[in-house]
Each structure stands twice: as structure tokens, then as C-alpha cells.
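Visitor: below is the sequence, then the predicted model.
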Amino acid sequence: MFNLVHILIDLLIGTAAGWMATKLMNMDSSNMVFNCVLGLVGAIAGGIIGGLLQIGANGLIGNLIFSVIGACCVVWLYRKFIAK
């Protein structure tokens, strides 16, 4: 069962992943809310990708790494299909 602390930690990891992904992918970092949303979607995508590859992320650093990978994938998809 999730509690409030886990949800807040996941939100912080997702926002940090969004910020890191925008820096890694040379994206405009002026819209922080949009970057946070991309990071949260990327954190979910990173968890799905890790689950499909049967690779588990343990601890804060592992979750952050998977979240950044997922956020980079989401930024790439955003650039490829939405932003023109």
C-alpha cells in the first residue's frame, strides 16, 4: 500500500528526471511544469521499460536512473511526433 511519503518521493524523482532529461536532450528548460510532467511520464515509462527487460531498480539512485532513461525516451518521442 502506498503512503504519502512514497508518493512524494516518486514525484520528486520524476521532476528531477524531467529536469535532467531536458538538460541531456538539449531541450528548452524554461517551462518547468512541462518538464516535470515529461519527467513523471518518463518515470512511469522507465518503470515499464525496466519491467519488460526484467531489470529492477533498487533504491533512490536506481529509480532516478530508470526515470531519466524513461524521460529521455519521452522527450525523444515528443520531439519526433508532437513538436514540429
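Guide: On my side now, so go ahead. Numbers count the residues shown, from 1 in each chain.
Visitor: need the helix or strand of this protein with the lowest average pLDDT.
Guide: Ranked by mean pLDDT, DSSP states H and E, the helix or strand of the chain with the weakest confidence is helix 32-52, at a mean of 81.
Visitor: enumerate the positions of that helix that are buried.
Guide: 35-36, 38-47, 50 (16 or more other Cβ atoms under 10 Å). C-beta here means a position set from N, CA and C on the backbone, and glycine is covered the same way.
Visitor: closest one to Leu60 out of these, please.
Guide: Of all the buried residues of helix 32-52, Ala43 has the smallest distance to Leu60: 12.5 Å, by Cβ to Cβ.
Visitor: stretch 54-70: which residues count as buried?
Guide: Buried, per 16+ other Cβ under 10 Å, within stretch 54-70: Ala57, Asn63, Leu64, Ile65, Phe66, Ser67, Val68, Ile69, Gly70.
Visitor: out of the residues you listed, the closest to Ala17 would be?
Guide: Ala17 has its nearest neighbour among the buried residues of stretch 54-70 in Ser67, at 3.5 Å by Cβ to Cβ.
Visitor: who's in contact with that closest one?
Guide: Listed by Cβ atoms under 8 Å, 6 or more residues apart in numbering, the contact set of Ser67 reads Ile13, Gly14, Ala16, Ala17, Gly39, Gly42, Ala43, Gly46, Gly47.
Visitor: which of those residues lies closest to Val75?
Guide: Nearest to Val75 among the contacts of Ser67, with distances taken as Cβ to Cβ, is Gly42, at 7.5 Å.
Visitor: so that closest one makes contact with Leu77?
Guide: No: Gly42 is beyond contact range of Leu77, at 9.8 Å (criterion: Cβ atoms under 8 Å).
Visitor: and Lys84, what's its pLDDT?
Guide: Lys84 is assigned a predicted lDDT (pLDDT) of 64.
Visitor: same question for Leu4.
Guide: For Leu4, pLDDT reads 83.
Visitor: I'd like the distance between the nearest residue to Cys72 once chain neighbours are set aside and Leu4.
Guide: The spatially closest residue to Cys72, leaving aside those adjacent along the chain, is Ala21, at 4.8 Å (Cβ to Cβ, 6 or more residues apart in numbering). Separation of Ala21 from Leu4 (Cβ to Cβ, to the nearest Å): 26 Å.
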